[in-house]
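**Q** curious how this folds, go ahead:
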Amino acid sequence: MSARTNGGLERLRTAILESFRNGDATAEGLLITNARHHDLLRGAIESVKTSEELLKARVSEELILVGLHNALRFLGEITGETTSDEILGRIFSTFCIGK
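**A** Sure, this is the predicted structure:
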């Protein structure tokens, strides 16, 4: 690696990113470092896939929407739009909020 010429920079970048791949990484530049976010994203992906399969099977729209709703809920937990009691409990047990 040369700081002057940037020689070896791409090789270094590849080596660093390779240690984070879980075997099916397809999005270049995407790195999820929070385990909870990773699990929620996996849940969202699986929910969308389930809805897609139901759509192909021409199942009732209500059943298809359940998976899509779940995917939105998973993503909402990452963005903070949706909070579960477990997460709120963890936040309040970790931080001292004025009494």
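**Q** the residue nearest the centre of the chain: which element?
**A** Using C-alpha atoms, centre = their mean, the residue of the chain that lies closest to the mean C-alpha position is Leu41, 2.8 Å off. Secondary structure assignment for Leu41, by DSSP states H and E: helix 35-56.
**Q** show me this structure divided up by domain.
**A** Annotated domains of the chain cover 1-31, 33-99 [automatic domain parsing].
**Q** what residues does the helix holding Leu41 touch?
**A** 32, 63-68, 70-71, 74-75, 77-78 (C-beta atoms under 8 Å, 6 or more residues apart in numbering). Where you see a C-beta, it was placed from the backbone N, CA and C, and this is true even at glycine.
**Q** let me know the secondary structure of Thr83.
**A** Following DSSP: H, G, I helix; E, B strand; the rest coil, Thr83 is assigned to coil.
**Q** now it: closest residue in space that isn't a chain neighbour?
**A** Setting aside the residues directly before and after it, Thr83 is nearest to Glu77 in space (C-beta to C-beta, 6 or more residues apart in numbering), at 6.9 Å.
**Q** just to revisit the earlier point, got the CA positions of the helix holding Leu41 in CSV?
**A** Output of helix 35-56 as CSV, limited to C-alpha atoms (Å, rounded to 0.1, in the frame of the first residue of the first chain):
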residue,chain,number,x,y,z
ALA,A,35,-26.3,-7.1,14.3
ARG,A,36,-29.9,-6.0,15.2
HIS,A,37,-30.1,-4.0,11.9
HIS,A,38,-28.8,-7.0,10.0
ASP,A,39,-31.4,-9.3,11.5
LEU,A,40,-34.2,-6.8,10.8
LEU,A,41,-33.0,-6.4,7.2
ARG,A,42,-33.0,-10.2,6.8
GLY,A,43,-36.5,-10.3,8.2
ALA,A,44,-37.7,-7.6,5.8
ILE,A,45,-36.1,-9.5,2.8
GLU,A,46,-37.7,-12.7,3.8
SER,A,47,-41.1,-11.1,4.3
VAL,A,48,-41.0,-9.5,0.8
LYS,A,49,-39.9,-12.8,-0.7
THR,A,50,-42.8,-14.6,1.0
SER,A,51,-45.2,-11.9,-0.4
GLU,A,52,-43.7,-12.3,-3.8
GLU,A,53,-44.3,-16.1,-3.7
LEU,A,54,-47.9,-15.6,-2.6
LEU,A,55,-48.4,-13.1,-5.4
LYS,A,56,-47.1,-15.5,-8.0
